[in-house]
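*Asks:* predicted model and sequence follow; I will ask about them next.
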Amino acid sequence: MIRRWLHKVLGKPSGPSKPRIYPLEQHGIRREGIHSCALKVTRTLKEAGYTAFVVGGAVRDLLLNREPKDFDIATDATPEEVRKLFRRARIIGRRFQIVHVYCGADTIEVTTFRAHQGEEDEDRVTAADGMILRDNVFGAQHEDAIRRDFTVNALYYDPVTQEVWDYHGGFADAKNHVLRMIGDPATRFREDPVRMLRAARFAAKLDFHIDATTRAPIAELAPMLARIPASRLFDEMMKLLLSGHAERGVRQLRAEGLHHGVLPMLDAILDNPGRQKFLHAAMHDTDERVRNGQSASPAFMLACLLWFDMQEQFERLHDSGLPEHPALFAAMDDTLERQRTALAFPRRLDGTIKEIWALQARFNQRSGARPLRLLAHPRFRAGYDFLLLRARGGDSAAELAEWWARFQDAGDDERNSMLKPVGEEGAKRRKRRPRRKAAATDSGSDA
């Protein structure tokens with residue numbers, strides 16, 4: 001009670017109240033590098049008498065000569081005050097309100113400075129292990145800075161003066177490629193265990209090394225991730241796997257001991273040499289696509305991650321006597337539902353995942369009109385890319401992938417010469433089936 005009274009009277013300690021200010025000559029970030037919509041938002045807020053800065057990842061990336069993905073704004077205006085200044089703006093969020101300001105197809109996220117709350121604050125609600133359950137209070141800029149996770153994410157850029165404001169040494173850490181937690185790492189990780197995943201993701205994305213003090217509590221606190229909602233874990237893992245640095249990110253997860261239990265499907269893949277090659281081929285391909293400015297699909301990545309689980313379930317059902325097609329569709333449904341309990345991916349992705357999987361058997365059909373029908377399938381490209389990964393990972397014959405690569409680009413005469421005799425593939429499948437059942441009878445599993 002005495003501490004709470006003192007904080008109310010004298011103000012609670014919240015780190016440095018004055019920033020170190022770096023001029024343009026030192027940081028090199030010019031306003032021309034800021035998105036035009038972000039400039040418009042900061043200018044409008046300032047003209048209305050408010051403070052406004054570009055904040056977080058955009059400042060960090062510009063400082064590192066990287067192209068920012070988003071430009072977020074922090075201000076001392078309340079959400080309602082921000083919304084009234086812009087014709088196209090809306091307030092979103094429950095735990096903490098933010099404002100989306102729209103400029104054509106672009107969206108700028110505007111947040112009000114938030115207070116960093118200590119354990120004694122009445123409005124702060126935490127669980128017994130320290131995880132924050134409610135933290136929703138506006139504050140001053142220096143309080144907003146200490147609330148952020150890593151020093152390199154707590155940099156503020158003023159487009160008018162072209163200054164960078166730094167409360168926690170993030171400027172030096174960015175130059176030295178160090179990822180450092182603001183405040184006591186153990187406390188901050190307990191407040192929000194997802195910060196451990198963010199540490200791994202940022203270290204991989206930025207090619208930074210994690211400060212030793214920041215890293216120290218991760219191994220002990222990693223089990224707290226089990227308490228994070230599955231939907232939030234899915235969002236964080238997709239950010240890592242679709243970041244363009246998935247291979248490095250997964251290595252970082254393993255180095256920190258965070259892969260077990262976070263993404264259960266990774267456990268079996270990363271600990272199985274036969275599956276590792278396929279997964280790394282999938283991550284490498286996705287990284288290349290992202291770096292080349294091409295789209296990367298969460299559904300495609302999930303199809304890769306869950307492929308072996310689905311195959312195992314299919315073999316169990318088929319060997320138990322269920323016909324091939326019913327066994328396949330039952331295996332797909334079972335696999336997706338089982339994994340959804342641990343990783344809450346949206347059901348809208350199910351259709352694409354299933355189509356990619358179902359197409360794999362059709363690539364074996366190379367006679368008659370079936371290859372031409374498959375070429376016209378709307379998911380052919382995704383299915384074919386998946387087949388290529390299987391061939392690179394040793395899960396499918398390289399000859400099959402090479403055949404389809406040629407068939408796509410061949411003329412009519414060459415395509416006709418490439419087609420297999422009708423009935424040949426069906427006979428091969430009929431010959432294989434008794435051998436699989438015999439093996440299951442002898443060993444109790446599919447050889």
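*Replies:* Cool, got the structure. Numbers count the residues shown, from 1 in each chain.

*Asks:* C-alpha from now on. contacts and neighbour counts both.
*Replies:* Will do.

*Asks:* quick one: the helices in the stretch 101-250 of the chain?
*Replies:* 141-147, 170-176, 185-191, 194-206, 212-215, 218-221, 230-241, 246-256 (DSSP state H, counting those that start in this stretch).

*Asks:* so which of the ones you listed gets nearest residue 295?
*Replies:* helix 230-241 (12.9 Å; CA to CA).

*Asks:* got a list of contacts for that closest one?
*Replies:* For helix 230-241, the surrounding residues in contact (CA atoms under 8 Å, 6 or more residues apart in numbering) are 194, 197-198, 201, 246-247, 249, 262-263, 283, 298, 301, 341-345.

*Asks:* in the longest helix anywhere in the chain, what's buried?
*Replies:* Under DSSP state H, the helix in the chain containing the largest number of residues is helix 298-319. Neighbour-count burial for helix 298-319, counted by 16 or more other CA atoms under 10 Å, picks out 298-311, 313-319.

*Asks:* and the helices of the stretch 101-250 of the chain as JSON lines, adding mean pLDDT?
*Replies:* JSON lines is the format used below for those (pLDDT from 0 to 100):
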{"stretch": "helix 141-147", "mean pLDDT": "94"}
{"stretch": "helix 170-176", "mean pLDDT": "97"}
{"stretch": "helix 185-191", "mean pLDDT": "95"}
{"stretch": "helix 194-206", "mean pLDDT": "93"}
{"stretch": "helix 212-215", "mean pLDDT": "96"}
{"stretch": "helix 218-221", "mean pLDDT": "91"}
{"stretch": "helix 230-241", "mean pLDDT": "87"}
{"stretch": "helix 246-256", "mean pLDDT": "86"}
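
*Asks:* go through those helices and pick out the most buried.
*Replies:* Comparing the helices of the stretch 101-250 of the chain by mean neighbour count (mean count of other CA atoms under 10 Å), helix 141-147 comes out on top with a mean of 23.

*Asks:* one step back: nearest to residue 18, of the helices of the stretch 101-250 of the chain?
*Replies:* It's helix 141-147; of the helices of the stretch 101-250 of the chain, that one is closest to residue 18 (CA to CA) at 7.0 Å.

*Asks:* pull the CA atoms of that closest one into PDB?
*Replies:* Output of helix 141-147 as PDB, limited to C-alpha atoms (Å, rounded to 0.1, in the frame of the first residue of the first chain):
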ATOM      1  CA  GLN A 141       6.300   8.300 -24.500                       C
ATOM      2  CA  HIS A 142       9.100   7.100 -22.100                       C
ATOM      3  CA  GLU A 143       6.600   4.700 -20.500                       C
ATOM      4  CA  ASP A 144       5.700   3.400 -24.000                       C
ATOM      5  CA  ALA A 145       9.300   2.800 -24.700                       C
ATOM      6  CA  ILE A 146       9.900   0.600 -21.700                       C
ATOM      7  CA  ARG A 147       6.800  -1.400 -22.400                       C
END
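
*Asks:* which intervals of the chain have sub-threshold pLDDT?
*Replies:* Residue ranges of the chain with pLDDT under 70: 1-16, 116-136, 260-268, 423-447.

*Asks:* give me the most central residue, it.
*Replies:* residue 239 (1.4 Å; CA atoms, centre = their mean).

*Asks:* residues contacting residue 174?
*Replies:* 60, 63-64, 152 are the contacts of residue 174 under CA under 8 Å, 6+ apart.

*Asks:* and residue 369, how many neighbours?
*Replies:* 12 (other CA atoms under 10 Å).

*Asks:* now stretch 326-339, how far from the chain's geometric center?
*Replies:* Its chain's C-alpha centre and that of stretch 326-339 lie 24 Å apart, by CA atoms, centre = their mean, to the nearest Å.

*Asks:* buried residues, that stretch. List them.
*Replies:* Neighbour count says stretch 326-339 has 327-332, 334-336, 339 buried, by 16+ other CA under 10 Å.

*Asks:* closest to residue 168 among those residues?
*Replies:* With CA to CA as the yardstick, the closest approach to residue 168 among those comes from residue 339, at 40.3 Å.

*Asks:* in a strand, residue 399, correct?
*Replies:* No: using DSSP: H, G, I helix; E, B strand; the rest coil, the assignment for residue 399 is helix, not a strand.

*Asks:* how deep is it tucked in, by neighbour count?
*Replies:* Neighbours of residue 399 (other CA under 10 Å): 10.

*Asks:* spit out the contact partners of it.
*Replies:* Residue 399 touches nothing, counting by CA under 8 Å, 6+ apart.

*Asks:* so how far is residue 363 from it?
*Replies:* 12 Å (CA to CA, to the nearest Å).

*Asks:* same question, residue 284
*Replies:* Relative to residue 363, and taking CA to CA, residue 284 is found at 23 Å.

*Asks:* quick one: distance of stretch 198-214 to the chain centre.
*Replies:* Counting by CA atoms, centre = their mean, stretch 198-214 comes out at 15 Å from the chain centroid.

*Asks:* so how far does that stretch reach from one end to the other?
*Replies:* Note: stretch 198-214 ends 12 Å apart using CA to CA.

*Asks:* contacts for it?
*Replies:* 177-181, 185-186, 236, 240, 243-245, 248-249, 252-253, 256.

*Asks:* and if you look at stretch 287-299?
*Replies:* Taking CA under 8 Å, 6+ apart as the rule, stretch 287-299 contacts 238, 242-247, 286, 349-350, 352-353.

*Asks:* also stretch 19-31?
*Replies:* With CA under 8 Å, 6+ apart, stretch 19-31 has contacts from 39, 62-63, 142, 159-160, 162-168.

*Asks:* which of the residues you listed count as buried?
*Replies:* 39, 62-63, 142, 159, 162-168.

*Asks:* tell me which two in those residues are the farthest apart.
*Replies:* Maximum pairwise distance among the buried ones among the contacts of stretch 19-31 (CA to CA): 24.9 Å, between 39 and 168.

*Asks:* all helices for the stretch 301-447 of the chain, in order.
*Replies:* 324-340, 350-362, 370-375, 380-392, 398-409, 412-418, 424-443.
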